[in-house]
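Colleague: from the sequence below, what's the structure:
(one chain, ligands or ions: 1)
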Amino acid sequence: MLSLEKMTAIRRDLHQIPELGFQEFKTQKYLLQFFEQLPADRYELKKWRTGLLVKVKGTNPSKIMGYRADIDGLPITEETGYSFSSAHEGMMHACGHDFHMTIGLAIAEHFIFHPIADDLLVIFQPAEEGPGGAKPMMESKEFLDWKPDFITALHIAPDLTPGTIGTKPGLLFANTSELFIDLKGKGGHAAYPHTAKDMIVAASQLVGQFQTIISRNVDPLDSAVITVGKITGGTVQNIIAENARLEGTIRTLSAQSMGKVKERIEALVKGLEMGYECEAKIDYGAMYYQVFNEPELTQEFMEFADGLSFVQFEESKEAMTGEDFGYFLSEIPGFMFWLGTGSEYGLHHSRLQPDETAMETALRTMTEYFSFKS
Ligand SMILES: CC(=O)N[C@@H](CCC[C@H](N)C(=O)O)C(=O)O
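Modeller: Sure, this is the predicted structure:
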């Protein structure tokens, strides 16, 4: 089993080379080099775009078990002050994918040297943060040839202490849809607002109006979120902006609410076009299916994890995070769980500092779990 020291070194190497979705070239090379050092007769490996599929051979397989790790980073400038900070300017592993990959490598390495009866597929999937690698990977021949009989994945949880594992049967993560809105009005001199159609004012108004969708149109017992994470527009301080762009995300706990929220966004945007005499284009970008844990397998895993002396198990609540792992779970029985890592700063923060000892908890849990299931 890889030592915590070795896992830490791998995590730190990966932490330094974050890459955006479908551009994970150095990451893929690093993962390939890891496997090249291991006995080649013990596993089979296929590349899929910038990802990898690694099947560790069982001694007498009757099924394929799956573990999926996402491998992309985020467009965030790191501010952790780590000596091993990102070497890629403006990019950071701020969602724990460096942990997810390291744990995947360590699980594969363990079963390469300690074979069990069943095969184990370790999936290194690109583009989880966007535009979504799970769906196209699942449709690929490479994946379909080795489609697992059940599948698992974990996500680091900065709000849980290291040593903690949490999950729940049924819905764990929300339905998501990206949201991009382009507004076009009429530019002009800052001193003559009556001759122009100001898209900065229109964009600001729209953000305010979105808040009423959540507070007035969605059933309060059926949560939803609209976050506008980025607004761009205009050219300089004394020119009225002709264009503005809003970039955001929608999260809902049910597919019906997603439809309702989108209907309301479209109605408000139509109203904005009339009210502000502008043109608007809506693009929903990538949509992720909810993460729905198969109840029986999840319950079994929860009891299993609760019985491990080195794990503190805590039942989770639903979260408004999204994950394209939901697509795997829509076809293959399985579950996702939270791995407590601590960190004063949360996911998608430039100062996220998860505790590396949590990787050992994950490795021990998953190697014991897959051995138990085989
Ligand atoms: C676990 C996590 O943080 N996942 C991301 C998934 C992003 C989906 C998509 N790009 C979107 O923004 O809707 C999340 O932000 O929850």
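Colleague: chain center to stretch 311-329: distance?
Modeller: In this view, stretch 311-329 has its centroid 11 Å away from the chain centroid, taken as Cα atoms, centre = their mean, to the nearest Å.
Colleague: and it, is it in reach of the ligand?
Modeller: Yes: residues of stretch 311-329 are located near the ligand by Cβ under 6 Å from any ligand atom, namely 321-323. (Each C-beta comes from the backbone N, C-alpha and C, glycine too.)
Colleague: which one of these is nearest P295?
Modeller: Distances from P295 to these, taken as Cβ to Cβ, are shortest for E323 (18.1 Å).
Colleague: helices of the stretch 201-350 of the chain, residue ranges please.
Modeller: 255-275, 295-306, 325-331 (DSSP state H, counting those that start in this stretch).
Colleague: who are the packing partners of the shortest one?
Modeller: When you say that, I think you mean helix 325-331. strand 64-70, helix 134-139, strand 150-157, strand 291-293, strand 334-340 (3 or more Cβ pairs under 8 Å, 6 or more residues apart in numbering; DSSP states H and E).
Colleague: residues of the chain that sit close to the ligand?
Modeller: Proximity of the chain to the ligand (Cβ under 6 Å from any ligand atom) is limited to residues 95, 129-130, 155, 176, 178, 249, 286, 288, 321-323, 347.
Colleague: the same query, at a cut-off of 5 Å, please.
Modeller: With Cβ under 5 Å from any ligand atom as the criterion, the chain meets the ligand at residues 130, 176, 178, 249, 321-322.
Colleague: export these to TSV and append columns for pLDDT, neighbour count and distance to G307.
Modeller: Formatted as TSV, the residues of the chain next to the ligand follow (pLDDT from 0 to 100; neighbours: other Cβ atoms under 10 Å; distance: Cβ to Cβ, whole Å):
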residue	pLDDT	neighbour count	distance to G307
G130	93	19	38
T176	97	25	33
E178	97	19	40
T249	97	20	37
T321	96	18	27
G322	96	26	31
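Colleague: number of residues surrounding the closest residue to L144 other than its chain neighbours?
Modeller: Nearest non-adjacent residue to L144, counting by Cβ to Cβ, 6 or more residues apart in numbering: M138, 7.9 Å away. Neighbour count for M138, taken as other Cβ atoms under 10 Å: 18.
Colleague: thought F328 was touching M138, still the case?
Modeller: Yes: with contacts counted by Cβ atoms under 8 Å, M138 reaches F328, the gap being 6.5 Å.
Colleague: what pLDDT does T164 get?
Modeller: Per-residue confidence (pLDDT) for T164: 98.
Colleague: how far away is the closest residue to it other than its chain neighbours from H15?
Modeller: Leaving out its chain neighbours, the residue that sits closest to T164 by Cβ to Cβ, 6+ apart is G340, at 3.2 Å. Going from G340 to H15 by Cβ to Cβ, to the nearest Å gives 19 Å.
Colleague: next, the contact list for the closest residue to A157 other than its chain neighbours, please.
Modeller: By the measure of Cβ to Cβ, 6+ apart, the closest residue to A157 outside its immediate chain neighbours is W338, 3.8 Å from it. Neighbouring residues of W338 by Cβ atoms under 8 Å, 6 or more residues apart in numbering: 154-157, 160, 164-167, 316.
Colleague: picking up where we left off before, tell me which of the helices of the stretch 201-350 of the chain sits most buried.
Modeller: Among these, helix 325-331 has the highest mean neighbour count (mean count of other Cβ atoms under 10 Å), at a mean of 21.
Colleague: which residues touch that one?
Modeller: By Cβ under 8 Å, 6+ apart, helix 325-331 touches 66, 68, 70, 128, 132, 134-135, 138, 151, 153, 173, 288-294, 334-336.
Colleague: check the residue nearest to G334 when sequence neighbours are not counted and give its pLDDT.
Modeller: Once flanking residues are discounted, G334 sits nearest to I151: 3.7 Å by Cβ to Cβ, 6+ apart. pLDDT for I151: 98.
Colleague: hang on, isn't F313 packed against G166?
Modeller: Yes: F313 lies in contact with G166 (Cβ under 8 Å); the separation is 7.1 Å.
Colleague: quick check: beta-bridge partners of the closest residue to G322 other than its chain neighbours?
Modeller: Nearest residue to G322, sequence neighbours excluded (Cβ to Cβ, 6+ apart): T176, at 3.2 Å. On the basis of DSSP bridges, T176 is bridged to R251, Y288.
Colleague: and what of the one 5 residues further on?
Modeller: With DSSP bridges applied, the residues forming beta bridges to I181 are L246, I282.
Colleague: quick revisit: what number of residues lie near the residue nearest to T164?
Modeller: 24.
Colleague: S3 now?
Modeller: The local packing of S3 (other Cβ under 10 Å) involves 11 other residues.
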